[in-house]
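>>> Fold the following and give me the result.
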Amino acid sequence: MDFLVGYRDPLFGLIIFFGLIFIISFFSYAWGLFKSKKQKNSLEQFFKRFDENAKSEPLQFSGEEKEREALVQLAKAYTKNGDFEKAIGIYLQLKESTDDIQERVLILKQLAKLYYKAGFLARSIEIYEEILRYFPRSADVLFELMLIYEKMNDMQNALKIKEALDELGHTSSDANYLMARKFIVSNEIDDLVTLYKEHPALVRVIFTHLFKTDPQMAWSVLDPKDYEQVVDILWRLEKDQIRTDHPFLQALYTAKGYGKFTETSDIFEFDVLIHYPKADLDFEYLCPKCKNIFPFAYSRCPNCQSVESPKVELILRPKEEKREESFSV
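Sure thing, here's the model as predicted:
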């Protein structure tokens with residue numbers, strides 16, 4: 001009976017309550033230490049697989065923050081100059097300067113980017129997947145992984161990662177773009193045409209492919225309001241592939257020198273070419289998002305990775321004369 005009375009004592013209940021809290025806290029702390037040690041050992045084993053690439057001379061440094069930052073800047077300089085091997089070697093040795101998992105993961109991210117730039121896509125994927133083991137909700141890692149799969153034309157995996165990014169709240173127009181790329185890789189023309197009608201903003205990526213595979217079919221689908229967005233593609237068509245049933249096309253191909261389809265044009269560059277055949281036309285591509293200009297066409301901005309179609313700028317330049325060389329025997 002005395003035991004039952006003690007059991008009902010409020011003080012006894014408080015002792016039990018705080019005892020349980022202590023036990024739970026202790027085991028949580030112990031589990032945290034165990035998990036941290038396991039992650040550290042796992043990362044160490046993972047790093048060892050890449051140590052064979054650290055061919056640069058061993059670095060002597062004390063581990064101080066200033067010295068470490070200087071080495072990071074040196075690695076960035078090597079990267080900028082295209083000396084990826086030395087940059088990789090520095091990062092692999094920098095990992096020894098810290099036991100912090102967060103900092104080691106940052107080093108892994110830099111290594112993944114370096115392997116990507118050096119063309120070792122499989123290794124880059126391997127590193128990003130290792131990072132996702134510890135930080136599965138890392139949106140920047142998922143995005144970089146999506147870009148690699150896209151570059152490898154593995155659109156199935158790229159689309160899966162895009163779904164994961166959407167679940168994390170990182171919505172964008174990449175899904176439609178990746179779907180277009182998927183149809184291009186598998187040459188699903190009907191699906192591409194349907195996608196264009198539903199999402200005309202994809203006109204450049206879709207018609208770059210369609211005009212290569214079936215120009216006549218491409219003409220039958222392309223909306224005249226989109227002619228200006230693909231003017232560079234239309235300009236580079238062979239003479240037997242063109243159409244001149246629209247004022248824009250008449251001016252374009254008169255300027256190109258394919259015939260006399262019109263006498264003048266409201267577009268300044270076309271009008272100059274119509275009246276001054278010694279000039280020629282070139283193109284620049286302005287990213288609407290980051291405002292960078294590139295001398296080459298792209299489907300994803302090399303700077304900000306946006307899939308928004310670039311604005312095509314017309315550039316007049318002197319026509320290059322074809323030199324005919326004669327050889328005497």
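>>> CA only for contacts and neighbour counts going forward, please
Fine.
>>> In the stretch 201-329 of the chain, where is pLDDT below threshold?
Scanning the stretch 201-329 of the chain with the threshold set as pLDDT under 70 gives 321-329.
>>> For the chain, just list every one of the strands.
Along the chain, the segments classed as strands by DSSP state E run 279-286, 293-294, 311-318.
>>> Show me how the record splits this structure into domains.
37-130, 136-171 (automatic domain parsing).
>>> coming back round to it: now for the strands of the chain, which one comes closest to Lys95?
strand 293-294 (36.5 Å; CA to CA).
>>> Same list as before, the strands of the chain that is, but in a markdown table and with distance to Glu67 included.
Formatted as a markdown table, those follow (distance: least, CA to CA, whole Å):
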| stretch | distance to Glu67 |
| --- | --- |
| strand 279-286 | 40 |
| strand 293-294 | 37 |
| strand 311-318 | 44 |
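>>> circling back to that earlier point, which one of the domains of the chain lies nearest to Cys304?
Of the domains of the chain, the one closest to Cys304 (CA to CA) turns out to be domain 136-171, at 12.0 Å.
>>> tell me how far that closest one is from the chain's mean position?
Distance of domain 136-171 from the chain centroid (CA atoms, centre = their mean, to the nearest Å) equals 10 Å.
>>> Start and end of it, how far apart?
Domain 136-171 has its terminal residues 17 Å apart, counting by CA to CA, to the nearest Å.
>>> Now the residue nearest in space to the middle of the chain. Nearest residue, chain neighbours left out?
Geometric centre of the chain, nearest residue: Leu147, 3.9 Å, by CA atoms, centre = their mean. Among residues not flanking Leu147 along the chain, Ala158 sits closest, at 7.3 Å (CA to CA, 6 or more residues apart in numbering).
>>> Just to check, the one you found is in contact with Tyr149?
Yes - applying CA atoms under 8 Å as the test, Ala158 and Tyr149 come out as touching, 5.4 Å apart.
>>> Quick check on these two: which one has the bigger neighbour count.
Ala158 (25 against 19; other CA atoms under 10 Å).
>>> show me what contacts that one?
145-147, 149-150, 178 (CA atoms under 8 Å, 6 or more residues apart in numbering).
>>> ok, now how distant is it from Ser309?
Distance from Ala158 to Ser309, by CA to CA: 20 Å.
>>> now Glu69
38 Å.
>>> next one: Ser124
Counting by CA to CA, the gap from Ser124 to Ser309 is 27 Å.
>>> With Ile101 instead?
As judged by CA to CA, Ile101 and Ser309 stand 39 Å apart.
>>> And the two? Which one has more around it.
Between Ile101 and Ser309, Ser309 has the larger neighbour count (other CA under 10 Å), namely 23 against 16.
>>> Let me know whether that one touches Arg204 as I believe.
Yes - here Ser309 lies in contact with Arg204, judged by CA under 8 Å, at a distance of 6.7 Å.
>>> ok, Leu111 touching Gly89?
No - Leu111 is not in contact with Gly89 according to CA under 8 Å; the separation is 9.4 Å.
>>> between these two, what contacts are shared?
Shared contacts of Leu111 and Gly89, defined by CA under 8 Å, 6+ apart, are absent.
>>> now Glu174, nearest residue through space, not along the chain?
Residue 174: Asp, not Glu. Nearest to Asp174 is Val307, by CA to CA, 6+ apart, at 6.6 Å.
>>> go on, Phe183?
Phe183 sits nearest to Leu192 (CA to CA, 6+ apart), 6.2 Å away.
>>> how deep is the one you found tucked in, by neighbour count?
Other residues near Leu192 come to 24 when the count uses other CA under 10 Å.
>>> State the distance from it to Lys225.
18 Å.
>>> can you check Ile267 too?
For Ile267, the distance to Lys225 - CA to CA - is 15 Å.
>>> just Gly169 next, same as before
34 Å.
>>> next one: Ser124
Distance from Ser124 to Lys225, by CA to CA: 41 Å.
>>> got it, and Ile184?
Noted for Ile184: a distance of 23 Å to Lys225, by CA to CA.
>>> again, but for Ala139
37 Å.
>>> Just want to know which of those two has more residues nearby.
Between Ala139 and Lys225, counted using other CA under 10 Å, the more crowded position is Ala139 (18 against 8).
>>> hang on, isn't Ile184 packed against Lys212?
No - counting by CA under 8 Å, Ile184 stays clear of Lys212, with 11.1 Å between them.
>>> mind listing what Glu269 touches?
Per CA under 8 Å, 6+ apart, neighbours of Glu269: 281, 314-316.
>>> Repeat that for Phe270.
251-252, 255.
>>> ok, now Glu69?
Glu69 neighbours (CA under 8 Å, 6+ apart): none.
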